[in-house]
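Trainee: Sharing a model that was predicted from the sequence below.
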Amino acid sequence: MTYQREFENRLNVAVVGVGSHGYRNVLPTLTFLPVRLKAFCDVNVARARITAEQYGVKACYANMAEMFRNEELDAIFLCVPPRLHPELTCAALDAGVHVWLEKPPGMFACEVEEMIRHRKDKVVVVGFKKAFMPATQKIIEIFGTADYGPLRTILGVYPMTIPKDGKRVLRERKHTNWLQNGCHPLSLLLAVGGKVSAVTVHLGERGGGACILEFASGALGNFHLGDGARHEQPSEFYQFFGDNCHAAIVNGTRVLLQRGMRFDYHGTTSFVPEGFDSGAIVWEPQYSLGTLENKGLFIQGFYQETRYFCDCILEGRTAEQGSLEFALEVMKVYEAGLCSEGERVLVQ
């Protein structure tokens, strides 16, 4: 691990939006990135100045245009409400600045397409942290092997529901939990399963339901909408089935690869047969030390997504993880989920 103060090559960056989320999760992550924090931009300039004093930042702005005129920046970290993401992202790209932006990338898939038109040769990464988190990357590794792949089915469980009047939600540009937090499990499922070709949503009379994802690969996903559970309850769960194995992510902090055990149906007397090539493998943080892998910024993927963004810029390569193209696929599934109302919706 290299810390911010130790990098030889660093990017000049600004943070746009220093509200609760940016302050709690994005700013602390900069400690571990190859960056030089040059400016803050926030409509609440007083809040920006207080934060700037803490971080030793000299320049604060109420709007990005003024900031771009006065600062020589390589990139921005954009932490504002989703309805502002498209306009501000395009403005930054037009100013020749690379952009990391929080999820969701906007309110509609067509807004992501507009960002792609403005991107040109710049790097844009969307903060789908669950697609970047170590647990997800381990699942991708497992099912990318000849021993366990290809992926056949996926089960995802997340505490939420989809509005029953989804088409009106789109028409009236409503910001619902299906947009704000639904993109979390969707991004994980798409990161593992790939593009989705069709979506069918069945909602229960008492809330919740099932969102069926048909992946272009032929795999099938069942995203269980666990309405009724609360976010403070440990209720997030994903299970993946391949050839002769299944694996699971439990609350983002535990990965289990179940290889099964050798047994004779009529004669086996022990569930722990001799040897080490059967049974389950479990990965989880050890939590007993103040090491980095135990920290939420690393477990949840904040570090991985922002470091990837910086590395793509410094190495002159195109972003693939969390790219606008990936964001577009997530938003297409989001919109299809709203429009389904029990019908199968093709994802174009």
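Mentor: Okay, I see it.
Trainee: rest of the way, CA atoms for contacts and neighbours
Mentor: Fine.
Trainee: Could you pull out the helices in this protein for me?
Mentor: Secondary structure of the chain (DSSP state H): helices at 20-21, 27-29, 45-55, 64-70, 85-94, 109-119, 129-132, 134-143, 166-171, 177-180, 183-193, 296-299, 302-315, 324-340.
Trainee: Let me know which of those is the nearest to residue 212.
Mentor: Residue 212 lies closest to helix 324-340 among the helices of the chain, at 9.2 Å (CA to CA).
Trainee: That closest one packs against which elements?
Mentor: Helix 324-340 sits against helix 109-119, strand 124-127, helix 166-171, helix 183-193, strand 196-203, strand 344-346, with contacts defined as 3 or more CA pairs under 8 Å, 6 or more residues apart in numbering; DSSP states H and E.
Trainee: could you give the mean pLDDT of the fourth one?
Mentor: When pLDDT is averaged along helix 183-193, the result is 97.
Trainee: Now that helix: buried residues?
Mentor: 183, 184, 185, 186, 187, 188, 189, 190, 191, 192, 193 (16 or more other CA atoms under 10 Å).
Trainee: Not counting that helix itself, show me its contacts.
Mentor: Residues outside helix 183-193 that contact it (CA atoms under 8 Å, 6 or more residues apart in numbering): 103-104, 128-131, 136, 139-140, 151, 154, 156, 158, 196, 215, 217, 219, 221, 330-331, 333-334.
Trainee: on that earlier part again, what's the most buried one of the helices and strands packed on helix 324-340?
Mentor: Burial of the helices and strands packed on helix 324-340 is given as mean neighbour count (mean count of other CA atoms under 10 Å); strand 124-127 ranks first at a mean of 27.
Trainee: hmm, back to that, reformat the buried residues of helix 183-193 as JSON lines; add distance to residue 30.
Mentor: Output for the buried residues of helix 183-193, formatted as JSON lines (distance: CA to CA, whole Å):
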{"residue": "183", "distance to residue 30": "24"}
{"residue": "184", "distance to residue 30": "22"}
{"residue": "185", "distance to residue 30": "25"}
{"residue": "186", "distance to residue 30": "26"}
{"residue": "187", "distance to residue 30": "23"}
{"residue": "188", "distance to residue 30": "24"}
{"residue": "189", "distance to residue 30": "27"}
{"residue": "190", "distance to residue 30": "27"}
{"residue": "191", "distance to residue 30": "25"}
{"residue": "192", "distance to residue 30": "27"}
{"residue": "193", "distance to residue 30": "30"}
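Trainee: ok so, going back, out of the helices of the chain, which is the most enclosed?
Mentor: Most buried of the helices of the chain, by mean neighbour count (mean count of other CA under 10 Å): helix 129-132, with a mean of 25.
Trainee: how much space between the most centrally placed residue in the chain and residue 181?
Mentor: For the chain, residue 128 is the residue whose C-alpha lies nearest the centre (CA atoms, centre = their mean; 1.7 Å). Distance of residue 128 to residue 181, given as CA to CA, to the nearest Å: 10 Å.
Trainee: same check, this time on residue 130
Mentor: Counting by CA to CA, the separation of residue 130 from residue 181 is 11 Å.
Trainee: again with residue 127
Mentor: Counting by CA to CA - residue 127 and residue 181 are separated by 12 Å.
Trainee: before we move on, what about residue 259?
Mentor: For residue 259 relative to residue 181 (CA to CA), the value is 32 Å.
Trainee: One more: residue 5?
Mentor: From residue 5 across to residue 181, the span is 34 Å (CA to CA).
Trainee: Model confidence at residue 205, what's the number?
Mentor: Looking at residue 205, the pLDDT reads 90.
Trainee: cool, and residue 101?
Mentor: Here the pLDDT value assigned to residue 101 is 98.
Trainee: want to throw the helices of the chain into TSV with distance to residue 252?
Mentor: Formatted as TSV, these follow (distance: least, CA to CA, whole Å):
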stretch	distance to residue 252
helix 20-21	19
helix 27-29	18
helix 45-55	30
helix 64-70	35
helix 85-94	27
helix 109-119	27
helix 129-132	8
helix 134-143	6
helix 166-171	29
helix 177-180	18
helix 183-193	11
helix 296-299	7
helix 302-315	13
helix 324-340	20
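Trainee: just so I know, which of those helices lies nearest residue 272?
Mentor: Shortest distance between residue 272 and the helices of the chain, using CA to CA, is found for helix 134-143: 22.9 Å.
Trainee: Point out where this protein drops to low pLDDT.
Mentor: 231 (pLDDT under 70).
Trainee: one more time with 80
Mentor: The chain contains residues with pLDDT under 80 at 229-234, 262-264, 269.
Trainee: So for residue 12, which of the helices of the chain sits nearest?
Mentor: Closest approach to residue 12 among the helices of the chain is made by helix 302-315 (10.6 Å; CA to CA).
Trainee: elements contacting that closest one?
Mentor: helix 27-29, strand 98-102, strand 124-127, helix 129-132.
Trainee: Show me the contact partners of the shortest one.
Mentor: Right, helix 27-29. Here helix 27-29 makes contact (CA under 8 Å, 6+ apart) with 297, 302, 303, 306.
Trainee: closest to residue 90 among those residues?
Mentor: Comparing the contacts of helix 27-29 against residue 90 with CA to CA picks out residue 306 as the nearest, at 19.2 Å.
Trainee: Neighbours of the residue lying closest to residue 329 once chain neighbours are set aside, how many?
Mentor: In space, and not counting its chain neighbours, residue 329 is closest to residue 195: 6.7 Å by CA to CA, 6 or more residues apart in numbering. Applying other CA atoms under 10 Å, we find 19 residues neighbouring residue 195.
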